[in-house]
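Asks: what would the 3D arrangement of this be:
(chains A and B)
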Amino acid sequence: MGILEVKGVNKRFGGLQALGNVNLSVQEGSVHAIIGPNGAGKSTLLNVLVGKLIPDSGSVMFDGQSVLGRKPYEINQMGISRVFQTPEIFGDLTVMENVLIPCFAKRDGSFRMHALESVRHEKAIFEQAEAMLDDVGMLDKRGMHAASMSRGDKRRLEMAMCLVQEPRLLLLDEPTAGMARADTENTILLLKDIRTKRGITMAIIEHDMNVVFSLADRITVLAQGTPLVEDIPENIKGHPKVREAYLGEAQV
Amino acid sequence: MFGLERKDTTLFLVVIAMTMLAPFLLNPFPQGSAMAQFNAGYPDLMQRFVIFGIFAIGFNILFGLTGYLSFGHAAFLGVGSYAAVWMFKLLSYNIVPALILSVIVASLFALVIGYVSLRRSGIYFSILTLAFAQMSFALAYSVFTPLTNGETGLQVYTSDPQYLLGNGPNVTHLFGLEMRSTTTLHLGNWSFDFGVGYYFCAIIMLISFYVAIRIFRSPFGMMLRAIKSNQTRMNYTGLNKRPYTLAAFVISGMYAGLAGGLLACMDPLAGAERMQWTASGEVVIMTILGGAGTLIGPILGAGFIKYFENIFSKINDGVLHSWFSWLPDGIENFVVKVLAPFFGEGWSLSMGLMFMLVVIFLPGGLVEGGRRIGAMFGRGKADPAPAPKPAE
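Replies: Numbering: from 1, shown residues only, chains lettered A, B, ... in the order given. The predicted structure follows:
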């Protein structure tokens, strides 16, 4: 049994079968990549996993509990964090505050009325956030306005915000999309680092195969809403079905 | 001090000094001089400054932090006033039970209206709150006449039960301390009025302001700013925005109820017009004019608008003529004719122009203006805080 078990998931948008009988099992401690050409249903699958979409049929179990019908914040509280294609951060707040908020969410749950306490007196939370920023090399930017940072730094910050919650599963939606080569390589290094240091289970949705080959333990290839093959990276590269559906279509 | 950071403590002490010394600060011109009409240091007006200051401080907790623009906060103000007057009618003129009931009733009202309105955000939220407030206004004006005394307004009659009145005073009081009593200090040509009512309201405002600072600096306040900044990230960080926004809405409703109760404590009347949409709009303007999302902004905005409303409106044609009497007759008449629409009853025209100028050139409100002036004289910080986002 994997930590995340997707069984027989179907999702239809009008006449379009976005997901057709998708089965997926992500093992605890592994890095599982889901790749596929444009329109393969990768984003739809991700949106099902985080509670943004409810599938027409099928089940999604996380650690033995169903995630279906739960709101995104409830799913996060179960231990699933998400990194977006375009970094979603609190742009009006400082870098430090951006990391403090997930710390509070982890400790206090989805709501707590701590209106008269001072943020500054939360020593433990501050130390936790500082350690996290130090880890991703952003401690010197702690006082910066988050919106004013570069794209690469925003991605790094978003990653820190997810990691500081010590999620049991980290979902990444095309983490390098639209990035310059240097930023892409930095992000891959950061992910590898996270993997070796923290051993966090990751599911990566990716269009660019090269990004995930060096990173993933297992790869699922999705095409037209259905999983085509699932195997270790070495076997995926040369797989005839994958070549036909994916590599043959466009050399990326 | 007070469990606040140094910067906030300084700000708080400045506000304390300003409110305590207001009778002096607002009466800079000697009596009988031509400028005396610009004096604002009389208790009636000063009370309005601080009461509407409370209203705006509370509104800012919702609008300034979460960005949810309520267009119906006057409903809570009105409800607070009605609740207070009912306490005068039923118990006695003591203002303590009146204020307590004002806050409780307003918070219940805010809970119901907020619960429904906060299902939507942006313009739909604003429209929902506006609709609720106009509904409350219409109900208070007609259907609920037994409770609100309709268009006459609710007031205390000698036939009212007033079960706890006994031998107590027949005017509003705090355990015997009458709100209306005033001491006047004459110094040469100057005279300064110290009203009990003003000082009571001022102390309540200082407490409200202190609580607001604490909320701004709390984890809760940080969550509210996070809601304004990015609701998607908020949701995917495991935080439920609904109880946060509802709590902010209820807190700001309680501030409004307190302000409404204080209005009734200073003058035991309550009318439906207090709930009208113009009153809701006024608090929005106060907050934006002063600087939404800043601590001191709403107080400045409230003072500014109430000053204009009461002082500018007194400058009628006669006063203008006396100002320009040194001009030749024809020119004098012309100048007065040109200026008249901006003064007296036309005060709202000058106010509107000023509001437009502030919104266009100083999106951060008066607080940003102050910051820029400070920076010009080199006292400002090297990194000016980013201007708050314009209203959504």
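
Asks: I figured residue A:192 hits residue A:215, correct?
Replies: Yes: counting by Cβ atoms under 8 Å, residue A:192 does reach residue A:215; the two are 6.4 Å apart. From N, CA and C alone the C-beta is placed, and that goes for glycine too.

Asks: so for these two, which residue has more residues nearby?
Replies: Neighbour totals were compared for residue A:192 and residue A:215, and residue A:215 leads with 19 against 13 (other Cβ atoms under 10 Å in any protein chain shown).

Asks: phi, psi of that one?
Replies: phi -110, psi -40 (degrees, to the nearest 10).

Asks: which residue does chain A have closest to chain B?
Replies: residue A:76 (3.6 Å; Cβ to the nearest Cβ).

Asks: next, count neighbours for the residue nearest to that residue when sequence neighbours are not counted.
Replies: Leaving aside its sequence neighbours, residue A:76 sits nearest to residue B:238 (Cβ to Cβ, 6 or more residues apart in numbering or on different chains; 3.6 Å). Neighbours of residue B:238 under the rule other Cβ under 10 Å: 26.

Asks: now do the contacts for residue A:167.
Replies: Under the criterion of Cβ atoms under 8 Å, 6 or more residues apart in numbering or on different chains, the neighbours of residue A:167 are A:76, A:79, A:80, A:81, A:200.

Asks: confirm that it sits in a helix.
Replies: No: the assignment for residue A:167 (DSSP: H, G, I helix; E, B strand; the rest coil) gives coil, which keeps it out of a helix.

Asks: would you mind measuring from it to residue A:203?
Replies: 11 Å (Cβ to Cβ, to the nearest Å).

Asks: who are the contact partners of the residue in the stretch 101-250 of chain B that chain A sits nearest to?
Replies: Per Cβ to the nearest Cβ, residue B:238 is where the stretch 101-250 of chain B lies closest to chain A, at 3.6 Å. By Cβ under 8 Å, 6+ apart, the residues touching residue B:238 are A:73, A:74, A:76, A:77, A:102, A:105, A:106, A:109, A:110, A:165.

Asks: would JSON lines of those with neighbour count be doable?
Replies: Output for those, formatted as JSON lines (neighbours: other Cβ atoms under 10 Å in any protein chain shown):
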{"residue": "A:73", "neighbour count": "21"}
{"residue": "A:74", "neighbour count": "16"}
{"residue": "A:76", "neighbour count": "26"}
{"residue": "A:77", "neighbour count": "19"}
{"residue": "A:102", "neighbour count": "27"}
{"residue": "A:105", "neighbour count": "27"}
{"residue": "A:106", "neighbour count": "20"}
{"residue": "A:109", "neighbour count": "13"}
{"residue": "A:110", "neighbour count": "19"}
{"residue": "A:165", "neighbour count": "21"}
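
Asks: farthest pair within these?
Replies: A:74 and A:102 (15.3 Å; Cβ to Cβ).

Asks: mind picking the lowest-pLDDT entry from the contacts of residue A:167?
Replies: On pLDDT alone, residue A:200 ranks lowest of the contacts of residue A:167, at 91.

Asks: what's the closest non-adjacent residue to it?
Replies: residue A:170 (5.3 Å).

Asks: number of nearby residues for the one you found?
Replies: By the criterion of other Cβ under 10 Å, residue A:170 has 25 neighbours.

Asks: ok, it - contacts?
Replies: By Cβ under 8 Å, 6+ apart, the contact set of residue A:170 is A:80, A:81, A:82, A:83, A:162, A:163, A:194, A:200, A:201, A:202, A:203.

Asks: what pairs with it across the strands?
Replies: Taking DSSP bridges as the rule, residue A:170 bridges to residue A:81, residue A:202.

Asks: which pLDDT value goes with it?
Replies: Among the per-residue scores, residue A:170 holds a pLDDT of 95.

Asks: residue B:321 now?
Replies: pLDDT, residue B:321: 84.

Asks: the nearest residue to it once chain neighbours are set aside: neighbour count?
Replies: Once flanking residues are discounted, residue B:321 sits nearest to residue B:336: 5.7 Å by Cβ to Cβ, 6+ apart. When counting by other Cβ under 10 Å, one arrives at 20 neighbours for residue B:336.

Asks: what's the answer for residue B:133, then?
Replies: 25.

Asks: and what of residue B:301?
Replies: Residues near residue B:301, counting by other Cβ under 10 Å, number 32.

Asks: that one: what's it in contact with?
Replies: Here residue B:301 is in contact with B:56, B:285, B:286, B:287, B:288, B:289, B:290, B:291, B:365, B:366 (Cβ under 8 Å, 6+ apart).

Asks: could you list the low-confidence segments of the stretch 1-150 of chain B?
Replies: B:1 (pLDDT under 70).

Asks: would you map the helices across it?
Replies: B:6-20, B:22-25, B:43-66, B:74-90, B:95-117, B:122-138, B:145-148 (DSSP state H, counting those that start in this stretch).

Asks: taking helix B:43-66 as reference, get the angle to the first one.
Replies: To tie it back to what came earlier, the one meant is helix B:6-20. If you take axes from the mean of the first three to the mean of the last three Cα atoms, to 10 degrees, helix B:6-20 sits at 160 degrees to helix B:43-66.

Asks: can you list the helices of the stretch 1-150 of chain B in a markdown table and add distance to residue B:242?
Replies: What follows is the helices of the stretch 1-150 of chain B, written out as a markdown table (distance: least, Cβ to Cβ, whole Å):
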| stretch | distance to residue B:242 |
| --- | --- |
| helix B:6-20 | 29 |
| helix B:22-25 | 40 |
| helix B:43-66 | 12 |
| helix B:74-90 | 20 |
| helix B:95-117 | 9 |
| helix B:122-138 | 12 |
| helix B:145-148 | 31 |
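
Asks: would you turn these into TSV with distance to chain A?
Replies: TSV is the format used below for the helices of the stretch 1-150 of chain B (distance: least, Cβ to the nearest Cβ, whole Å):
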stretch	distance to chain A
helix B:6-20	10
helix B:22-25	28
helix B:43-66	9
helix B:74-90	18
helix B:95-117	14
helix B:122-138	17
helix B:145-148	32
